[in-house]
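Asker: Provide a 3D model corresponding to the input given below.
(2 chains)
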Amino acid sequence: MKATVKPVSELKNLARDLRLEVLEMTTRASSGHPSSCFSAVEILVALYFGGILSYDPKDPFWEERDRFILSKGHAAPLLYAVLARAGYFPREALWTLRTLHSPLQGHPVYRLLPGVEATTGSLGQGLSIGLGQAIAGKMKGQPFRVYVLLGDGECQEGQVWEAAMAATHFRVGNLTAIVDYNKFQETGPIAREMNLEPFRQKWESFGWLVEEVDGHDLEALLKVLEDFKKRTDERPAVLIAHTVKGKGVSFVEADYTFHGRALTEEQADRAKEEILCE
Amino acid sequence: MRIGERAGLKAGRPMRDIFGEAILAACEKDPRVVVLDGDLGNSTKADTVRRKFPQRFLNLGIAESNLVGVAVGLSTCGFIPFAVSFSSFLLCNAYDQIRLGVAMSRANVKIVGSHGGITLGKDGPTQMGIEDLALVGGLPTMVILVPCDRVSMHWAVEVAASLEGPVFIRSSRYPMPEVYADGASFRVGKANVLREGKDLTIVACGLMVGVALDAWAMLQEEGIAARVVDLHTIRPLDRETLVQAALETGALVVAEEHLLHGGVGANVARVIAEEAPCPMRFVGLADTYADSADPDELLLKYGLTPEAVWRACHEVLKMKGRERA
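Answerer: Next up is the predicted model:
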């Protein structure tokens, strides 16, 4: 089943609403990683509501669904907000994030919540799991595709490159990685803490098809993802999405120390105004 | 003297050879079973599958973290992946991947740690899995099986394939003696009492089961009736059989080819301390890495012998006697 494709103007509204939900979830929980969510909003909107992913919230384990793995598990609030919006569970559940007895764990845990395809949060692991699913699809002759969202700092993990090497070896053209390249990791700018560049060339040298895009430009994201989908060759593809950490809230964009902390009530009010004005 | 000889057990073949046969049988029985190799299929003998079912054998190369992740992905699509490599490499290299992807996710992935213990011998301490049971013990949800011979290895692989959820199986390079007859019955989480006895109990797993039976024979010559328990399942632990043994025999020796720290003995002791405290002794590797040498020389050097178990038995008997006096 394919979700109804929404026009880009509606997708933009949806991105705004998701930012507001993430803000409210993390502020209520007084914890979480809102700025890491904000950089990935358009990417998830394009995947789930732009007609890229085939899925059925009424049948979350439908064998031929496309898989999405949030390898940067700290953006869990965004994934939860998207899954609720897609109809996997009621929106009210979002306000239980990080509270006792809630399936909305701080980082996603498999089997607790429909639509969560893997346990992630210890970085570097999602691409391997996605690779396993892509291999499974090929072995079973099922047409589904697998999408894995990686953080940029996450690509410092060696396992990512183990998976990158194996993906070309196993010729999984049904695997797409997306890197949320927001240029910051927990303790500072990537370029200062542990440089990834030349990043594109790293992927290319592992045999991947590479595209780069403004990760907040929905039209551009959709164009590349649609082109990727139409491919029939056996090369895995990676989309390096250049993004802004904290996108949509000026004082969060300007201060990387917001990684791993929620906004105060007062900051959240200001953030809400900015998001609504955008 | 060969392990198991005193006890009258037939010599066995290397456990890895038997694993190779068992995993092939599992593949023949269930088309969902696939094998993931860390480029050691010729050592672990998982390559029996490569020859017969090349399309269900994936060599992930020398990259254990990715190997485990791929296994997790396959399991979520209905396959039953057996991730096979050396116990030390899988658990030490890919522990976090097993923790999140397999244990926390309750994925239907089977981890087979080959070359467990010190008896891989000459390749030395870098390759030995002497802490594997402690590590896998730190993963709630994971069933842990330690077969001690041909029949129990076949059972372990077959039951792992049929159980839904994470399972660890320890395999070995050592030719363990034949403890069980064909058709012997096993249940996950139910230890097998191999010898009845009232004076004391020896609890063992893996290679040390044969060693324990040798010690049993030595004790028997002295008129001491030892109970011998094969603790083939480390999780879930068979509290009932252990507590009953403590209550009925009043003294326990636990023997394992593993570090004492965090090992099987520690788990048994926790149960006994809670429910039926009695004198206990532990045979295993004291805080040390083993050398690179012939396996039997190593067993002697590190005290994993029938004599060492026999000595521990006399120590607990003495303690028990003092308690009773």
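
Asker: tell me how far the ends of stretch B:120-139 are from each other?
Answerer: 25 Å (CA to CA, to the nearest Å).

Asker: count the residues that sit near B:G137.
Answerer: 20 (other CB atoms under 10 Å in any protein chain shown). Yep, even glycine has a C-beta here, placed from its N, CA and C like the rest.

Asker: now do it, the pLDDT please.
Answerer: Among the per-residue scores, B:G137 shows a pLDDT of 97.

Asker: quick one, strands of the stretch 51-200 of chain A?
Answerer: A:67-70, A:146-151, A:175-181, A:184-185, A:188-189 (DSSP state E, counting those that start in this stretch).

Asker: did I read that right, B:V203 in a strand?
Answerer: Yes. Assessed with DSSP: H, G, I helix; E, B strand; the rest coil, B:V203 lies in a strand.

Asker: can you pull the contacts of it?
Answerer: With contacts defined as CB atoms under 8 Å, 6 or more residues apart in numbering or on different chains, B:V203 is in contact with B:191, B:212, B:229, B:231, B:242, B:245, B:252-255, B:264, B:268.

Asker: so can I have TSV of the strands of the stretch 51-200 of chain A showing distance to B:P175, mean pLDDT and mean neighbour count?
Answerer: Output for the strands of the stretch 51-200 of chain A, formatted as TSV (distance: least, CB to CB, whole Å; pLDDT from 0 to 100; neighbours: other CB atoms under 10 Å in any protein chain shown):
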stretch	distance to B:P175	mean pLDDT	mean neighbour count
strand A:67-70	43	98	27
strand A:146-151	43	98	28
strand A:175-181	43	98	28
strand A:184-185	51	96	26
strand A:188-189	56	96	13
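
Asker: reformat the ones you listed as TSV; add distance to A:Y80.
Answerer: Output for those, formatted as TSV (distance: least, CB to CB, whole Å):
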stretch	distance to A:Y80
strand A:67-70	10
strand A:146-151	14
strand A:175-181	17
strand A:184-185	22
strand A:188-189	28
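
Asker: and these as TSV, adding distance to chain B?
Answerer: Converted to TSV, the strands of the stretch 51-200 of chain A look like this (distance: least, CB to the nearest CB, whole Å):
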stretch	distance to chain B
strand A:67-70	8
strand A:146-151	8
strand A:175-181	10
strand A:184-185	19
strand A:188-189	24
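
Asker: so which of these comes closest to B:T44?
Answerer: Across the strands of the stretch 51-200 of chain A, B:T44 has its closest neighbour in strand A:175-181 (27.6 Å, CB to CB).

Asker: dump the closest one to CSV, keeping only the CA atoms.
Answerer: What follows is strand A:175-181, C-alpha atoms only, in CSV (Å, rounded to 0.1, in the frame of the first residue of the first chain):
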residue,chain,number,x,y,z
LEU,A,175,19.3,-0.3,-0.1
THR,A,176,19.4,3.5,0.3
ALA,A,177,21.3,5.4,2.9
ILE,A,178,20.6,9.0,3.8
VAL,A,179,23.0,11.0,5.8
ASP,A,180,21.7,13.9,7.8
TYR,A,181,24.8,16.0,7.4
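
Asker: and the longest helix for the chain?
Answerer: Went with chain A since none was named. helix A:8-29 (DSSP state H).

Asker: hmm, I had chain B in mind actually
Answerer: Longest helix in chain B, counting by DSSP H: helix B:306-324.

Asker: elements contacting that one?
Answerer: For helix B:306-324, the packing partners by 3 or more CB pairs under 8 Å, 6 or more residues apart in numbering or on different chains; DSSP states H and E come out as strand B:200-204, helix B:207-221, strand B:252-259, strand B:280-285.

Asker: who touches it?
Answerer: The contact list for helix B:306-324 (CB under 8 Å, 6+ apart) reads B:3, B:6, B:199-200, B:202, B:204, B:208, B:211-212, B:214-215, B:217-219, B:224, B:226, B:250-253, B:255, B:278-283.

Asker: what ranges of the chain fall below the confidence cut-off?
Answerer: No chain specified, so I'll use chain A. A:1-4 (pLDDT under 70).

Asker: look at chain B instead
Answerer: In chain B, residues with pLDDT under 70: B:324-325.

Asker: element containing residue 266, please.
Answerer: As the question left the chain open, I've gone with chain A. Following DSSP states H and E, the helix or strand that holds A:E266 is helix A:265-277.

Asker: you answered for a different chain; I wanted chain B.
Answerer: B:A266 belongs to helix B:264-275 when assigned by DSSP H and E.

Asker: B:E297: neighbouring residues, count only.
Answerer: 12.

Asker: could you do B:Y302 as well?
Answerer: B:Y302 has 19 nearby residues by other CB under 10 Å.

Asker: now do the contacts for it.
Answerer: B:118, B:285-286, B:288, B:290.

Asker: rerun at 6 Å
Answerer: For B:Y302, the contact set (CB atoms under 6 Å, 6 or more residues apart in numbering or on different chains) comprises B:285, B:290.

Asker: ok, and the closest non-adjacent residue to residue 153?
Answerer: Because you didn't say which chain, this covers chain A. Excluding the flanking residues, the one nearest A:G153 by CB to CB, 6 or more residues apart in numbering or on different chains is A:Q185, at 3.2 Å.

Asker: oops, I was thinking of chain B
Answerer: B:P147 (4.1 Å).

Asker: name whatever forms a beta bridge with the closest residue to A:G130 other than its chain neighbours.
Answerer: Take A:G130 and drop its neighbours on the chain: the residue closest to it by CB to CB, 6+ apart is A:V148, 4.0 Å away. In this entry, A:V148 is beta-bridged to A:I69, A:A177, by DSSP bridges.

Asker: before we move on, back to that, what angle sits between the longest helix of chain A and helix A:265-277?
Answerer: Going by axes from the mean of the first three to the mean of the last three CA atoms, to 10 degrees, helix A:8-29 is angled at 180 degrees with respect to helix A:265-277.

Asker: residues making contact with the helix or strand that helix A:8-29 is followed by?
Answerer: Scanning forward in sequence from helix A:8-29 by DSSP H and E, the next helix or strand is helix A:34-38. For helix A:34-38, contacts defined as CB under 6 Å, 6+ apart pick out A:22, A:26, A:74-75, A:77-78, A:245-248, A:252, A:258-259.

Asker: in helix A:34-38, what's buried?
Answerer: A:34-38 (16 or more other CB atoms under 10 Å in any protein chain shown).

Asker: could you dump it to PDB, C-alpha only?
Answerer: Provided in PDB are the C-alpha atoms of helix A:34-38 (Å, rounded to 0.1, in the frame of the first residue of the first chain):
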ATOM      1  CA  PRO A  34      15.200  18.200  19.500                       C
ATOM      2  CA  SER A  35      18.000  19.800  17.500                       C
ATOM      3  CA  SER A  36      19.000  16.400  15.900                       C
ATOM      4  CA  CYS A  37      15.300  15.900  15.100                       C
ATOM      5  CA  PHE A  38      14.900  19.300  13.500                       C
END
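
Asker: quick one: distance of that helix to the chain centre.
Answerer: Offset of helix A:34-38 from its chain centre (CA atoms, centre = their mean, to the nearest Å): 10 Å.

Asker: and stretch B:122-132, end to end?
Answerer: Termini of stretch B:122-132 sit 19 Å apart (CA to CA).
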